[in-house]
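Trainee: Could you look at this predicted model? Sequence included:
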There are 2 protein chains.
Amino acid sequence: MLVAVDCVIFGFDSDTLKLLLIKRGFEPQKNKWSLMGGFVQPNEGLDSAASRILEQLTGLSGVFMEQLFAFGDPRRDSMERTISVVYYALVDIGQYKKQLSEDYHAEWLPLTEIPQLIFDHNQMVEMAHERLQYKAALHPILFELLPARFTIRQLLDLYESVYGKELDKRNFIRKLQSSKLIIRQKEKEKGSSKKGAFFFKIDKRKYPFSLKSFISFLPTKEIFH
Amino acid sequence: MLVAVDCVIFGFDSDTLKLLLIKRGFEPQKNKWSLMGGFVQPNEGLDSAASRILEQLTGLSGVFMEQLFAFGDPRRDSMERTISVVYYALVDIGQYKKQLSEDYHAEWLPLTEIPQLIFDHNQMVEMAHERLQYKAALHPILFELLPARFTIRQLLDLYESVYGKELDKRNFIRKLQSSKLIIRQKEKEKGSSKKGAFFFKIDKRKYPFSLKSFISFLPTKEIFH
DNA sequence: GCAAAAGTGTTCGCAGTACACCCATGA
DNA sequence: TCATGGGTGTACTGCGAACACTTTTGC
C-alpha cells in the first residue's frame, strides 16, 4: 500500500485568502490542478515528509503546519491503492519567492475560485478550510499568514476573508487589545491611507503559549455559523 | 509500507473513565497490553477498517467514532515500517457484553491506571484523551458514553472524570437545561439515593444538529486548563 | 427525626454587542 | 477644505460565576 502526503497551503495577499496549487507537469493527470504532494520515504516520518514537500514547492521551512486528516478510500486514487495523509500550512505569501515553473507550475489561486482538482483533493481543501475556521476561532493562528509586522486592518481583512463575513472593527480591536498579544510599533504603514496605520507585532513571549489557549477575536455566538 | 488502524475505546462506568485494552495473545509483543488494532484490507476504507476492528472487539456497531491522528514515525514499530491511523470511540460500557477472552484478553482499565503499552500506544491514548477534552468542551459528545436513559448525576460525574476536576452542580444543570437538549422522563432512578433522581434522555431531534454546534457545559474560562 | 442526595434560586460583575463620532493627513 | 481611512468611547444587556437553602424519603 502506498502512503502519500498532500499539502493544503494557505496564503493571504492583503485582500483574499489563497491556496498554492500546482498544474501537474507529469503523468498521471498531467496538466490538471492538484495539491502539492509526494510519497513518504522509507526513513521519513509523516511530519518530515510534509515539511520536505512544502519546502520543495515554496523554499520555506519552519512554517506553521499541522496534520489535517488521513484519506484512505480504496477508490480515491484510480491507479493504485494509496493512503494520503493531508497537512495544511499557513505561510506568509510575501515570503514566497521561489520560481519552480519548470518542475511544477505553481500558482496562488483565491480560495473562492478553486478549479476542479484531481482525485479527492477538492474534498481535502474543503476540510482544510473548515479546520482553519474552526481552529482560528479559538486560537490565534491566523497571524501565521501575515508578515512579522502588520496593521490592524490587514488582520481584520484576513479574519473577514477566512470567515467570509464582515466583523465590527471596534469590537475586534478591543478584543485584540485585551488579549495583550500584539505590540504596537513606532512605525506606520503609509501606503493605503493618508493618516497612516500603526504596525503591530506579536508578543513572542506570549504567543507560543496562547496558541494552546482559548482566545477568540470573533463574536462568540457566531463561532460556528 | 503497512497501514494499520488502532482504536482508543473509551467507556464510563458511572464513576471512572476507562479504556478497553487487550493483552495480546499473539506475537509480536505477546502478553503485553495494547490498543486494539489491525491492518487495513485492500478493499476497505480507513473508517470501515476502524468500525470492523471495533466490532471484532466489542460486538458493537453504530458507535461514535472519529479519526484522531496518523502516526508514522519510521521507528514506531520495531519490526516493519507501519503507518497507524488512530481512531477513538465512545461506547456505552453497559452495552459491552462480549466474551472474547480466547482471542483477545480484553479489559476495561481506568484511564488513570493505564499500564505501559506497546509501541507508541501510550502516546495515542494521551492524544485521544486531550482530543476528548477539547471536543467535549465545545460539543455534547459525552452523551455517547452513557446509556439512553441517564441521570444528571451520572452526566456530571462523567464530565468531572473527563476533566479531572469538580464542577458546580447548579451551574452545570442550568446550562444543561438552557440547551434544551435533554428531556426529563417520568421514571426515577432509585438506587443511589432515597429521594430518587429523574432519568433524562437526549432530544433526538436536536442532538445530531447540536453535535456540530458550539455547546459548552463547562465554565468557559477553564475550557482548556 | 435524621442523614443523604436531589433539586431549585438569587445576586453580582463583566464580557460581548451595538452603535457614532473625532483625528490626522495628503491632495 | 475635504475626502479617506485610522482609531477611540459608551451604554446596555444577558450570560456566567459564585454561593446556600429546601425537599424528599428510607432507615
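Mentor: Nice, I can see it.
Trainee: if I look at the residue lying closest to A:Ile152 once chain neighbours are set aside, how far off is A:Ile182?
Mentor: Excluding the flanking residues, the one nearest A:Ile152 by CB to CB, 6 or more residues apart in numbering or on different chains is A:Ile173, at 6.1 Å. C-betas here are computed from N, CA, C, even on glycine. According to CB to CB, to the nearest Å, A:Ile173 and A:Ile182 sit 10 Å apart.
Trainee: Between the two, which has more neighbouring residues?
Mentor: When neighbours are counted by other CB atoms under 10 Å in any protein chain shown, A:Ile173 and A:Ile182 differ, and A:Ile182 comes out ahead with 20 against 14.
Trainee: so how far is A:Leu155 from the more buried one?
Mentor: 8 Å.
Trainee: Next, show the common contact partners of those two.
Mentor: The contact sets of A:Ile182 and A:Leu155 overlap at A:Leu176, A:Phe200 (CB atoms under 8 Å, 6 or more residues apart in numbering or on different chains).
Trainee: What parts of chain A come near DNA strand D?
Mentor: Selection of chain A residues close to DNA strand D by CB under 7 Å from any atom of the strand yields A:151-153, A:169-171, A:173-174, A:188, A:192-198.
Trainee: Which SSE is immediately downstream of the strand or helix carrying the residue nearest to A:Ile152?
Mentor: Element membership for A:Ile173 (DSSP states H and E) is helix A:169-179. Moving toward the C-terminus from helix A:169-179, the next helix or strand (DSSP H and E) is strand A:182-189.
Trainee: Partner strands of that next one and their direction?
Mentor: strand A:197-202 (antiparallel) (DSSP bridges).
Trainee: Send over whatever helix or strand comes next after the strand it pairs with as CSV, restricted to the C-alpha atoms.
Mentor: Going down the chain from strand A:197-202, the next helix or strand is helix A:207-210, by DSSP H and E. Output in CSV follows, covering the C-alpha atoms of helix A:207-210 (Å, rounded to 0.1, in the frame of the first residue of the first chain):
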residue,chain,number,x,y,z
TYR,A,207,2.4,33.8,21.5
PRO,A,208,3.6,30.2,21.7
PHE,A,209,1.6,29.8,24.9
SER,A,210,-1.5,31.4,23.6
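Trainee: And the contacts of helix A:207-210?
Mentor: With CB under 8 Å, 6+ apart, helix A:207-210 has contacts from A:His139, A:Pro140, A:Phe143, A:Ser179, A:Leu181.
Trainee: Buried by neighbour count: which residues of it qualify?
Mentor: A:Ser210 (16 or more other CB atoms under 10 Å in any protein chain shown).
Trainee: Stretch A:186-194 too?
Mentor: Across stretch A:186-194, burial judged by 16+ other CB under 10 Å covers A:Glu189.
Trainee: same thing with stretch A:167-178?
Mentor: A:Leu167, A:Phe172, A:Leu176.
Trainee: and A:Ala148, what is it in contact with?
Mentor: A:Lys201, A:Ile202.
Trainee: The residue lying closest to A:Phe143 once chain neighbours are set aside: how many residues sit nearby?
Mentor: Sequence neighbours aside, A:Ile202 is the residue nearest to A:Phe143 in space, at 5.6 Å (criterion: CB to CB, 6+ apart). Counted with other CB under 10 Å, the burial measure for A:Ile202 works out to 19 neighbours.
Trainee: What score does A:Ile202 have for pLDDT?
Mentor: A:Ile202 carries a pLDDT value of 96.
Trainee: from memory it sits against A:Ile141, does it?
Mentor: No - contact criterion CB atoms under 8 Å: A:Ile202 and A:Ile141 do not qualify, at 11.3 Å.
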